[in-house]
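> Coordinates for the following, if possible.
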Amino acid sequence: MSDPRVPVTVVTGFLGAGKTTLLRDALRRGALTNTALIVNEFGEVALDDLVLRTVSARVAVLGSGACAAP
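Take a look at the predicted model:
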């Protein structure tokens, strides 16, 4: 019987702490291959979505204001 658990990593920090930069660099290096990336946007404009799209075309904005890279 296989383990049904899925490993999850949460990246959190203050505004400007470098969270998006960390994720962008990891995407560029290929370190997040076969990884689902969910970004919870709190602002009026999905800025992280725009930054992460420059690295991966597989980014979709969710209706709740978050964006995900399947």
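> So, low pLDDT: which residues of the chain?
41-46, 49-50, 55-70 (pLDDT under 70).
> Tell me where it has helices.
Here the chain has its helices, by DSSP state H, at 19-29, 47-53.
> Can you lay out those as JSON lines showing mean neighbour count and distance to Thr12?
Glycine gets a C-beta too; all of them are placed from N, C-alpha and C. Converted to JSON lines, the helices of the chain look like this (neighbours: other C-beta atoms under 10 Å; distance: least, C-beta to C-beta, whole Å):
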{"stretch": "helix 19-29", "mean neighbour count": "15", "distance to Thr12": "7"}
{"stretch": "helix 47-53", "mean neighbour count": "17", "distance to Thr12": "13"}
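> the strands in this protein, which residues?
37-39, 60-61, 67-69 (DSSP state E).
> list the helices and strands the first one packs on?
It stands for strand 37-39. helix 19-29, helix 47-53, strand 67-69 (3 or more C-beta pairs under 8 Å, 6 or more residues apart in numbering; DSSP states H and E).
> Each with direction, which strands does that strand pair with?
strand 67-69 (antiparallel) (DSSP bridges).
> Kindly provide the distance from Phe14 to Met1.
42 Å (C-beta to C-beta, to the nearest Å).
> I'd like the helices and strands packed on strand 37-39 as a markdown table, with distance to Val10 appended.
Shown next, in a markdown table, are these (distance: least, C-beta to C-beta, whole Å):
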| stretch | distance to Val10 |
| --- | --- |
| helix 19-29 | 10 |
| helix 47-53 | 15 |
| strand 67-69 | 15 |
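> Need the helices of the chain in CSV (columns: distance to Arg5).
Converted to CSV, the helices of the chain look like this (distance: least, C-beta to C-beta, whole Å):
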stretch, distance to Arg5
helix 19-29, 22
helix 47-53, 26
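> looking at those, which is closest to Val8?
Between Val8 and those, the shortest gap by C-beta to C-beta is with helix 19-29, which sits at 14.6 Å.
> Can you tell me which helices and strands that closest one packs against?
Using 3+ C-beta pairs under 8 Å, 6+ apart: helix 19-29 touches strand 37-39, helix 47-53.
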